[in-house]
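A.B. asks: can't give you the sequence, but here's the structure:
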């Protein structure tokens, strides 16, 4: 087993990803017997019982996930209730949830209808919870406006939209990220080119449950530019420290960096910290960002790409290569970190297939390559989790939303229980109340 030791915050954090054995088979058909979510054959062993994909929505694109400390799984996506609609014609914002990892999802609720919703390549709708309020964000193509909708009753009804980024913003790529802090605040970051000839990361904060927002330049504040089309990522640890992960651009040296905020986003570090030991000199934007999760003792672990390969690291110069691929994300469950990325190898049955590396080193593969629409901006696979609650992955495939429970809560694992979700019959069409 391969252990990579990382020093983060003065503590030793050991990533346990194991070696690279042959990937397991992971094949299942949705409960309705419609779209097949066949995993790719990559080994002789059958997928473990907990890793069987299931259908969440028969029509949908660009899913995003959040797993709360209480165990709820929140899922949002771009969709429509009109039969035969294409990805471009679908502009509805939908929400569903389940009470626990491995449980059945509720029928989706239609939160709102956008004129033209941007989705794909981490521009999809996003969802977060502060324990009291659920918040969903999405990007309207005209003006690249980030809109927020909130629910105070667990997602039954929704209010909004509230505008997150001001009319002065120039969110020209629509790349953004949402998180909730344990302090009760919500945070959104995006790439902004309002300063001519450069791209900064701007940050908006809400301390009233997403009703109102205030924005500021987070990084860099003294000139310079970050990579102009690699998605940023914001998250908070259990103590409320905010982390902003992004790809920098220092004279075409485009490595992953991180800055922190100790005061709920009111101020940010002015000097960033580089991740990994390698570097990437490229006079172009690779359209690749990363994500971050936290170990049970609240130490950060990141995942990101460089030169067509996927790496994990803490906040030091150490790094571990997971192989060739793109569009990575990471989550931590009761048994450790789960890394997800999309296959970058050539060939129609490989490119776009989803790899998930479990804590013990086993690699599961989901989604047949070549099943996505829209080219490189149609990535739309994501993983989310919590050390107490478990881990879930979701993806878009052939115009439907699929998911898989990868690590269930410890109480379920001990008891050998947990149920598989049945596909909903269709969205009830509940719309947001506009303010």
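C.D. replies: Sure, I can see it. What you see is a predicted model; the values in this text were computed from it and never measured.
A.B. asks: ranges for the helices of the protein?
C.D. replies: Using DSSP state H, the helices found in the chain span residues 410-415.
A.B. asks: which stretches of it have low pLDDT?
C.D. replies: The chain contains residues with pLDDT under 70 at 1-50, 345-350, 370-379, 410-435.
A.B. asks: swap the cut-off to 50 and go again
C.D. replies: For the chain, the stretches with pLDDT under 50 are 1-46, 374-377, 413-435.
A.B. asks: show me where the stretch 151-300 of the chain has strands.
C.D. replies: 159-163, 176-180, 186-192, 200-206, 214-219, 233-236, 242-247, 256-261, 273-274, 290-294, 300-306 (DSSP state E, counting those that start in this stretch).
A.B. asks: against residue 357, how distant is the residue sitting nearest the centre point of the chain?
C.D. replies: Nearest to the geometric centre of the chain sits residue 382, at 4.7 Å (C-alpha atoms, centre = their mean). The gap separating residue 382 from residue 357 is 15 Å, by C-beta to C-beta, to the nearest Å. The C-beta positions use only the backbone N, C-alpha and C, and glycine is treated the same way.
A.B. asks: before we move on, what about residue 76?
C.D. replies: From residue 76 to residue 357 the distance is 25 Å (C-beta to C-beta).
A.B. asks: what's the local residue count around residue 359?
C.D. replies: Counted with other C-beta atoms under 10 Å, residues neighbouring residue 359 total 21.
A.B. asks: ok, for it, nearest residue in space, not its chain neighbours?
C.D. replies: Nearest residue to residue 359, sequence neighbours excluded (C-beta to C-beta, 6 or more residues apart in numbering): residue 336, at 3.2 Å.
A.B. asks: quick check: bridge partners of that neighbour?
C.D. replies: Counting by DSSP bridges, residue 336 forms beta bridges with residue 333.
A.B. asks: report the contact partners of residue 384.
C.D. replies: Residue 384 makes contacts with 65, 66, 67, 73, 329, 331, 391, 392, 393, as judged by C-beta atoms under 8 Å, 6 or more residues apart in numbering.
A.B. asks: among the residues you listed, which ones are in strands?
C.D. replies: 65, 66, 67, 73, 329, 331, 391, 392, 393 (DSSP state E).
A.B. asks: out of these, which is most surrounded?
C.D. replies: Most surrounded of the ones in strands among the contacts of residue 384: other C-beta under 10 Å gives residue 391, at 33 neighbours.
A.B. asks: check contacts around that residue.
C.D. replies: So residue 391 contacts 67, 101, 331, 332, 333, 338, 383, 384, 385, 405, 406, 407 (C-beta under 8 Å, 6+ apart).
A.B. asks: hang on, the first one packs against residue 389?
C.D. replies: Yes - with contact defined as C-beta atoms under 8 Å, residue 67 reaches residue 389; the gap is 5.1 Å.
A.B. asks: for the two, list the residues in contact with both.
C.D. replies: residue 101.
A.B. asks: what are the buried residues along stretch 308-317?
C.D. replies: Using 16 or more other C-beta atoms under 10 Å as the test for burial, stretch 308-317 gives 309, 310, 311, 312, 313, 314, 315, 316.
A.B. asks: could you dump these into a markdown table and include distance to residue 138?
C.D. replies: Listed next are these as a markdown table, based on distance: C-beta to C-beta, whole Å:
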| residue | distance to residue 138 |
| --- | --- |
| 309 | 31 |
| 310 | 27 |
| 311 | 30 |
| 312 | 29 |
| 313 | 31 |
| 314 | 32 |
| 315 | 31 |
| 316 | 35 |
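A.B. asks: what's the closest of those to residue 60?
C.D. replies: For those, the closest approach to residue 60 (C-beta to C-beta) belongs to residue 310, at 25.7 Å.
A.B. asks: how much space separates that closest one from residue 178?
C.D. replies: Distance from residue 310 to residue 178, by C-beta to C-beta: 23 Å.
A.B. asks: cool, residue 84 as well?
C.D. replies: Counting by C-beta to C-beta, the gap from residue 84 to residue 178 is 31 Å.
A.B. asks: same question, residue 101
C.D. replies: 21 Å.
A.B. asks: can you check residue 288 too?
C.D. replies: Taken as C-beta to C-beta, the span from residue 288 to residue 178 is 19 Å.
A.B. asks: how about residue 391?
C.D. replies: 19 Å.
A.B. asks: cool, and residue 141?
C.D. replies: 18 Å.
A.B. asks: what about these two, which has more around it?
C.D. replies: More crowded of residue 141 and residue 178, by other C-beta under 10 Å: residue 178, with 27 against 15.
A.B. asks: please name the nearest non-neighbouring residue to that one.
C.D. replies: residue 126 (4.1 Å).
A.B. asks: tell me the bridge partners for residue 215.
C.D. replies: Counting by DSSP bridges, residue 215 forms beta bridges with residue 204.
A.B. asks: repeat for residue 139
C.D. replies: Beta-bridge partners, per DSSP bridges, of residue 139: residue 118, residue 146.
A.B. asks: what about it, neighbour count?
C.D. replies: Around residue 139 there are 26 residues (other C-beta under 10 Å).
A.B. asks: wait, what's in contact with it?
C.D. replies: Per C-beta under 8 Å, 6+ apart, neighbours of residue 139: 117, 118, 123, 145, 146, 147, 171, 174, 176.
A.B. asks: if we use 10 Å, what do you get?
C.D. replies: Neighbouring residues of residue 139 by C-beta atoms under 10 Å, 6 or more residues apart in numbering: 114, 116-119, 123-126, 145-147, 164-165, 171, 173-176, 190.
A.B. asks: which among those count as buried?
C.D. replies: 114, 117-119, 123-126, 145-147, 164-165, 171, 173-176, 190.
A.B. asks: could I get the full set of strands for the stretch 301-435 of the chain?
C.D. replies: Under DSSP E, counting those that start in this stretch, the stretch 301-435 of the chain gives strands at 309-313, 320-324, 326-333, 336-342, 354-357, 363-366, 381-386, 390-397, 400-407.
A.B. asks: make JSON lines from those strands and add distance to residue 194 to it.
C.D. replies: Output for the strands of the stretch 301-435 of the chain, formatted as JSON lines (distance: least, C-beta to C-beta, whole Å):
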{"stretch": "strand 309-313", "distance to residue 194": "31"}
{"stretch": "strand 320-324", "distance to residue 194": "36"}
{"stretch": "strand 326-333", "distance to residue 194": "27"}
{"stretch": "strand 336-342", "distance to residue 194": "32"}
{"stretch": "strand 354-357", "distance to residue 194": "36"}
{"stretch": "strand 363-366", "distance to residue 194": "39"}
{"stretch": "strand 381-386", "distance to residue 194": "28"}
{"stretch": "strand 390-397", "distance to residue 194": "31"}
{"stretch": "strand 400-407", "distance to residue 194": "34"}
